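> Got a sequence here, can you model it:
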Amino acid sequence: MVMTLLLVLLGATAVASSLMGVAKLQPSELLHSQIFLQLRLPRILLCILAGAGLSVCGAAYQSVFRNPLTDPYVLGVSSGASLGASLAILFGLQSHIWGIGICALASALFTVWLVYRIASIGNRLHTTTLLLTGVCLTFLITAMISFIMVLRQDKMDSIIFWTMGSFASSSWFDIALVAPVVLVGVCVVLYYAKDLNLLLAGSETAKSLGVEVEKVKRILLFFTTLMVAFVVASCGVIGFVGLVVPHCLRLILGPDNRRIVPCTIVAGALFVLICDTLARTVLQPSELPVGSLTALVGAPLFIYLLYKNKKQY
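Model (predicted):
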């Protein structure tokens, strides 16, 4: 029932979004309108892909790290990918097909590895250290990006785009790059949904039940980080999607990832599409950065969760 409701809402939101904007369209005009085919349709599809990818990454991270407060943005992975994209812009690699994507992936993978190494004590992850490491790395990376912008002010506008998050320049080329990565990554997380449930019980318990813990963690972290990197490379940093969506669904559906992950795909797509539609219609003809709207929802929720669970940390 939840999945059906989410799919209906996603379809209705996609139709409404395609009709809304500076140029008003009628439903009968959609298939013949270049505004829809070349501008709004790729933007809607990229919103769906980005939302699905980021929310699934959040669900996977929360199980791998056994912490409901983790997501790619909080751990600094999105910022790490943004640093890689900024360096690619700085050195003129955006003209190459995989230039920004490869740089974003390398930087994001290094960030995940660094967070994991700093926060782990033996085979155990320390929750407080994990969160503080992610926050500190985000500040450090933000400072590095600011330094790059000061040195190369001619690249400032392009780099600011990545740091604020926007779907304004979405194209069919972006869809061709992001879609295969997100589809493969989502399938991998779905395949390991049962193992994610066992990881929530702890590494030792998962090992005793036949899970190759380190192998599963490496695979999941690689493919989720791959999704984050290519989403950031195409539309910039969009924060808190992986925190808000999985957490809200767990309140409704319970902790079973075999139910959470499929619903997260659709709910994440719906959340980002709603935020982007609001971002481009609320202040017409101006446009808000979609990352600001997701942060307006995600940051208060993050503070609430910290307050609610502070005795555990």
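
> Need the residues that contact whichever strand or helix holds V178.
Secondary-structure element containing V178, defined by DSSP states H and E: helix 172-191. The contact list for helix 172-191, computed with CB atoms under 8 Å, 6 or more residues apart in numbering, reads 38, 42, 45-46, 49-50, 52-53, 56-57, 59-60, 97-98, 101, 196, 219-220, 223-224, 226-227, 230-231, 233-235, 261-262, 265. Just so you know, the C-beta spots here come from the backbone N, C-alpha and C atoms, and that holds for glycine as well.

> As a check, name the ranges of all helices in the stretch 151-300 of the chain.
For the stretch 151-300 of the chain, the helices defined by DSSP state H, counting those that start in this stretch occupy 156-164, 172-191, 193-200, 203-208, 213-235, 241-253, 257-281, 290-308.

> out of those helices, nearest to A16?
Smallest distance to A16 across the helices of the stretch 151-300 of the chain (CB to CB): 7.2 Å, for helix 257-281.

> Tell me which residues of that closest one come out buried.
Counting neighbours by 16 or more other CB atoms under 10 Å, one finds that the buried residues in helix 257-281 are 257, 259-277, 279-281.

> what's the answer for stretch 200-212, then?
Within stretch 200-212, the residues scored as buried using 16+ other CB under 10 Å are L200, S203, A206, V211.

> Now for the residue nearest to S18 when sequence neighbours are not counted: which residues touch it?
Excluding the flanking residues, the one nearest S18 by CB to CB, 6 or more residues apart in numbering is R40, at 5.1 Å. Contact partners of R40, counting by CB under 8 Å, 6+ apart, are S17, S18, G21.

> So R40: helix, strand or coil?
R40 falls in the helix class when you classify it by DSSP: H, G, I helix; E, B strand; the rest coil.

> how near is it to A267?
For R40, the distance to A267 (CB to CB, to the nearest Å) stands at 22 Å.
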